[in-house]
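Colleague: here's a sequence, model it:
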Amino acid sequence: MTKPKTQNSAVVLATLGVYLGLLMAGAVPQVMASAALTRQFDVRDEIESSDEFDNKPDDKRTPVSTSVQIYLEDVEQFLTSLGRLAARGSFDAKKDTFNLLQATVLPCVDTSRAGRFTPVKFESTSEAVRSPLATFSREMVYGYSLGDCLVNNAFPDVEAVDSRFDLKLDGQGLTARLEVKKGSEQEARKLLESLNAALRIYAAAESTRLRKRVIDHTRFSVRNSLVIVRLHLARADLDSLLASNAK
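Modeller: Next up, the predicted model:
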């Protein structure tokens, strides 16, 4: 299983620094779209292997189930951040809105190569929410290592992993949607089975109320060769969940 390092390289921080600088400056979506960032960074430096679960002989977890665990942790952390902001009056789950859309293409190489991170949209009615939004979006850049290395127009001479992340809060509620591309619909359906099996394991395990709600409202699906991870919480559910979690 692979995951992003907690300590990002200076180059990646510089890349995200440009991005976050635009966000904090209140750049409009058109500006954000034109700021499609392509920076050089070494994929080997930004991805680290983890044998945390390999060291537990009685652990039944697989790379896919570990990906599901990390997803659950990331969503729970994001919602916990919203709950803290709501408790301080900096965020109103009944009124505030946000909309974040990003696309990522990471080359499958062992040597230094530019990854393409494109922030398409970043809008929020609450300035306080921009920080947890940016943190959550960075976690989604890697697509939880679920995508396949495929031929991609962004890198004509090398295969790459393609993912897309959409996060929004509107009148219908909170929706987080992650799309990763597989080599075929057959491969996508194999991954779908593994994801559903992993989610059932976590659903049966003891967990916090917040984690249970995330599990209950998460769905996996397939469209052609795309695997889609989707979370949806209605406005009323989100408001009560954040209120109880902030206590």
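
Colleague: biggest helix in the chain, by residue count?
Modeller: Longest helix in the chain by number of residues (criterion: DSSP state H): helix 63-87.

Colleague: buried set for that helix?
Modeller: Neighbour-count burial for helix 63-87 flags 63-72, 74-76, 78-86 (criterion: 16 or more other CB atoms under 10 Å). Quick note: C-beta positions are derived from backbone N, CA and C, even for glycine.

Colleague: could you give the separation of the helix or strand that it is followed by from the chain centroid?
Modeller: For helix 63-87, the succeeding helix or strand toward the C-terminus, using DSSP states H and E, is strand 98-107. Remark: strand 98-107 is offset 9 Å from the chain centroid, using CA atoms, centre = their mean, to the nearest Å.

Colleague: from here on, count from 25
Modeller: Will do, 25 is the new start, and the previous item becomes strand 122-131.

Colleague: so which other helices or strands are in contact with the longest helix of the chain?
Modeller: Based on contacts counted as 3 or more CB pairs under 8 Å, 6 or more residues apart in numbering; DSSP states H and E, the elements that helix 87-111 packs against are helix 154-164, helix 209-228, helix 233-240, strand 242-247, helix 259-269.

Colleague: same question for that helix, mean pLDDT?
Modeller: For helix 87-111, the mean per-residue pLDDT is 93.

Colleague: kindly report the same for stretch 192-200.
Modeller: 95.

Colleague: which of the residues in that stretch are buried?
Modeller: Neighbour counts using 16+ other CB under 10 Å place Lys192, Leu193, Gly197, Leu198, Thr199, Ala200 of stretch 192-200 among the buried residues.

Colleague: start to end distance for it?
Modeller: Using CA to CA, to the nearest Å, one end of stretch 192-200 lies 7 Å from the other.

Colleague: quick one: contacts of that stretch?
Modeller: Contacts of stretch 192-200 with the rest of the structure, by CB atoms under 8 Å, 6 or more residues apart in numbering, involve 99, 117, 120-124, 189-191, 253-259, 261-262.

Colleague: middle-most residue in this structure, spatially?
Modeller: Met164 (2.4 Å; CA atoms, centre = their mean).
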